[in-house]
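> Here's a sequence, model it:
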Amino acid sequence: MNKIPQAAIDLAKRFEGFERKVKRGNEITAVPYICPAGFWTIGYGHLCDSKHPPITEAEAEVYLARDLQSALAATLRYCPVLATEPESRLAAIVDFTFNLGAGRLQMSTLRRRINQRDWTAAATELRRWVYGGGKVLPGLVARRKTEATLLAK
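The predicted structure follows:
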């Protein structure tokens, strides 16, 4: 099993945050919420059911690790060239896959540019993935800009 790049963990935490916190006794927990793209989410961007029980930050970390491991496996399946590239490039695309799903990476021009090792064109493609619910989301603009910077390194 491949190790999740620390930069991918940092990106996911930075852009997802431990959202919708509520205090339960002495404990801070997160409750489900609808993300800007319209999906029920909990913790650090983990997809869930609207009736999911509240989770602690420790539980959110477990979900995040699993979700990032899935994203890493899919990223390497669709972009095998990243296995031999600098970790920053792998981290950028693992974060993209975590955020948007393996299906989006699989069908994208981004994937083709990565596998061609055309990093400039790949960075340009990344910056196109900024829509949620049919509109440009400032958080996605910032996230894609950060990923593109990592990819271009």
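> Over to the residue in the chain sticking out farthest from the centre: give its phi and psi.
Relative to the centre of the chain, the most outlying C-alpha is that of Gly25, 31.2 Å out, by C-alpha atoms, centre = their mean. When read as degrees, to the nearest 10, the backbone of Gly25 gives phi 60, psi -120.
> what about it, distance to Thr120?
Distance, Gly25 to Thr120, using C-beta to C-beta, to the nearest Å: 52 Å. No exception for glycine: its C-beta is placed from N, CA and C like everyone else's.
> got it, and Tyr131?
From Tyr131 to Thr120 the distance is 22 Å (C-beta to C-beta).
> and what of Trp40?
Taken as C-beta to C-beta, the span from Trp40 to Thr120 is 37 Å.
> Send me the helix or strand of the chain at the bottom of the mean pLDDT ranking as PDB with only the CA atoms.
Using mean pLDDT, DSSP states H and E, strand 21-24 stands out as the lowest-scoring helix or strand of the chain, at a mean of 74. C-alpha atoms of strand 21-24 as PDB (Å, rounded to 0.1, in the frame of the first residue of the first chain):
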ATOM      1  CA  LYS A  21     -18.700  21.700  14.700                       C
ATOM      2  CA  VAL A  22     -21.000  21.500  17.700                       C
ATOM      3  CA  LYS A  23     -20.200  21.100  21.400                       C
ATOM      4  CA  ARG A  24     -21.500  17.900  23.000                       C
END
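> So in that sheet, which strands flank it, and in what orientation?
strand 27-30 (antiparallel) (DSSP bridges).
> mean confidence for the strand it pairs with?
Mean per-residue pLDDT for strand 27-30: 84.
> Return the set of buried residues in that strand.
Thr29, Ala30 (16 or more other C-beta atoms under 10 Å).
> what's the following helix or strand after that strand?
Next helix or strand after strand 27-30 toward the C-terminus (DSSP states H and E): strand 33-34.
> can you list contacts of that following strand?
Glu19, Arg20, Trp40, Thr41, Ile42 (C-beta atoms under 8 Å, 6 or more residues apart in numbering).
> mean confidence for the very next helix or strand once past that strand?
Per DSSP H and E, strand 33-34 leads on to strand 40-42 as the next helix or strand towards the C-terminus. Strand 40-42 carries an average pLDDT of 94.
> List the contacts of the helix or strand immediately after strand 40-42 in the chain.
Using DSSP H and E, the helix or strand that follows strand 40-42 in sequence is strand 46-47. Residues lying outside strand 46-47 but in contact with it, judged by C-beta under 8 Å, 6+ apart, are Phe39, Trp40, Thr41, Ala60, Tyr63, Leu64, Asp67.
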